[in-house]
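S.K.: Provided below are the primary sequence and the corresponding predicted coordinates.
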Amino acid sequence: MDTLQNMRVFSRVVEAGSFTAAAQHLNTTTAYASRAVSDLEAHLRTRLLNRTTRRIALTEAGERYLQRCEQILAYVDQAEAEAGDAHARPSGKLKVHSMTSFGQHYAVPMISRYQARHPSVQVDLTLAQRMPDLLDEGYDVSLVLASELPDSGLVSQRLGSVFSIVCASPAYIARHGTPHVLSDLASHACLQLITPVFPPDKWTFDGPNGQETVGLGPTTFTVNVADALAVAIQEGMGIGVLPTPSALPGLRAGKLVRVLPQYTMQELSVYALYPSRQYLDAKIRTWVDFMRDELPATLARDVESLKEFVLDSAGT
């Protein structure tokens, strides 16, 4: 008995909903499909399907066996594809999710460089603050920022870390003065970035005294995208906390100044998440490897760039 082939027939019968439909898909006879399932049941001494003249239905044992069959058949298909070089070269569509600000400033430039190396890969990038369900929504990779990851059953690769800094516009500082210690923030208009990783009513900083938390009162402006917050700060609406990549363009243009430079806000790790499986499509593997090789140096350059703007925060 060809157990593997009978597993394929059994899986196809369940998927198609009948022996006849499965036989047509497999280009064989209904009798052959029926005999393959019967041979499996005889081999296992277990009924896998309940049959009537009109329909079939999985037994409880059949449901469990089907799950194992699908896993085994997937591994066999992957092994055959690898041996046939089908997955040795990255190609096809790579569906990537990234949190918004990180994706705009880091993922997009890296996608450009990745595609220069792998032109056969088409990238479909979605920017969203929420963490998607990779399996239900069909994403290959998700780039997320988090202090720690929940237990999700996904494979994760840590790619680096990012943090946020306190910024204001020169005009705002001229009108309201420069905060020098965290308690000074109570007398300033604090604009809030609302994301899954930042609570709406407090800012938690790392600084000379370790981790400190400042409670925030009512605010006149909240927004869920860092680049939009950067515009509000540049307009002089108040003081806000920006991720480094969102702050740097305004700092370089002189539209922002960094205040409280001795403090950074909630360092977050950057993770690449992808479905847990032993055999990765080449486009997923090469994209994650590319990010792991390229991103740390890019993040380090941005941190180094911040040093030239520290003196600006003194209001000079």
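M.R.: Great, that's in hand. Numbering: from 1, shown residues only.
S.K.: any idea how many residues pack against His118?
M.R.: For His118, the tally of surrounding residues (other CB atoms under 10 Å) stands at 18. In this view, the C-beta of every residue, glycine as well, is placed from N, C-alpha and C.
S.K.: my error: substitute Lys255 in the last question.
M.R.: Using other CB under 10 Å, Lys255 has 17 other residues around it.
S.K.: now do the contacts for it.
M.R.: 169-170, 234 (CB atoms under 8 Å, 6 or more residues apart in numbering).
S.K.: looks to me like it is in a strand.
M.R.: No. Checked against DSSP: H, G, I helix; E, B strand; the rest coil, Lys255 lies outside a strand; its state is coil.
S.K.: export the contacts of Lys255 to JSON lines and tack on distance to Gly160 and secondary structure?
M.R.: Shown next, in JSON lines, are the contacts of Lys255 (distance: CB to CB, whole Å; DSSP: H, G, I helix; E, B strand; the rest coil):
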{"residue": "Ser169", "distance to Gly160": "29", "secondary structure": "coil"}
{"residue": "Pro170", "distance to Gly160": "31", "secondary structure": "helix"}
{"residue": "Gln234", "distance to Gly160": "27", "secondary structure": "helix"}
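S.K.: tell me where the stretch 1-150 of the chain has strands.
M.R.: 49-51, 56-58, 92-98, 121-127, 141-146 (DSSP state E, counting those that start in this stretch).
S.K.: buried deepest among those, which one?
M.R.: Of all the strands of the stretch 1-150 of the chain, strand 141-146 has the most neighbours on average by mean count of other CB atoms under 10 Å, namely a mean of 22.
S.K.: tell me the mean pLDDT over that one?
M.R.: For strand 141-146, mean pLDDT is 92.
S.K.: equivalent analysis for stretch 91-100, please.
M.R.: On average, stretch 91-100 scores 92.
S.K.: quick one: residues in contact with that stretch.
M.R.: Here stretch 91-100 has contacts from 107, 111, 118, 120-129, 132, 134, 137-145, 195, 225-227, 281-284, 287, using CB under 8 Å, 6+ apart.
S.K.: need the contact list for the residue nearest the centre of the chain.
M.R.: Centroid-nearest residue in the chain, with CA atoms, centre = their mean: Ser142, separated by 1.9 Å. Ser142 sits next to 96-98, 131-132, 134, 272-274 when contact means CB under 8 Å, 6+ apart.
S.K.: and the pLDDT at Gln129?
M.R.: Confidence score, pLDDT, at Gln129: 82.
S.K.: please read the previous query as pertaining to Arg8.
M.R.: 92.
S.K.: could you report the neighbour count for it?
M.R.: 19.
S.K.: mind checking how far the residue lying closest to it once chain neighbours are set aside is from Val155?
M.R.: Nearest non-adjacent residue to Arg8, counting by CB to CB, 6 or more residues apart in numbering: Leu73, 6.2 Å away. Relative to Val155, Leu73 is positioned 21 Å away (CB to CB, to the nearest Å).
S.K.: please apply the same query to Thr204.
M.R.: 29 Å.
S.K.: give me the more crowded residue out of these two.
M.R.: Between Thr204 and Val155, Val155 has the larger neighbour count (other CB under 10 Å), namely 17 against 13.
S.K.: isn't the more buried one up against Ile284?
M.R.: No. Using CB atoms under 8 Å, Val155 is not in contact with Ile284; the gap is 9.7 Å.
S.K.: joint contacts of those two?
M.R.: With CB under 8 Å, 6+ apart as the test, Val155 and Ile284 both reach Tyr274.
S.K.: near the residue lying closest to Pro170 once chain neighbours are set aside, how many other residues are there?
M.R.: Using CB to CB, 6+ apart and skipping residues adjacent in sequence, the residue nearest Pro170 is Val257, 5.7 Å away. Residues within reach of Val257, counting by other CB under 10 Å, total 25.
S.K.: and what of Arg47?
M.R.: 14.
S.K.: what about it, distance to Ile72?
M.R.: Distance of Arg47 to Ile72, given as CB to CB: 20 Å.
S.K.: kindly report the same for His180.
M.R.: Applying CB to CB, the value for His180 to Ile72 is 65 Å.
S.K.: next one: Arg175
M.R.: From Arg175 to Ile72 the distance is 69 Å (CB to CB).
S.K.: which of these two has more neighbours?
M.R.: The residue with more neighbours, out of Arg175 and Ile72, is Ile72; 15 against 9, by other CB under 10 Å.
S.K.: if I pick that one, what's in contact with it?
M.R.: Taking CB under 8 Å, 6+ apart, we find Ile72 in contact with 4, 7.
S.K.: that older thread, now the strands of the stretch 1-150 of the chain in a markdown table, with distance to Val214?
M.R.: Putting those into a markdown table (distance: least, CB to CB, whole Å) gives the following:
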| stretch | distance to Val214 |
| --- | --- |
| strand 49-51 | 64 |
| strand 56-58 | 58 |
| strand 92-98 | 29 |
| strand 121-127 | 29 |
| strand 141-146 | 21 |
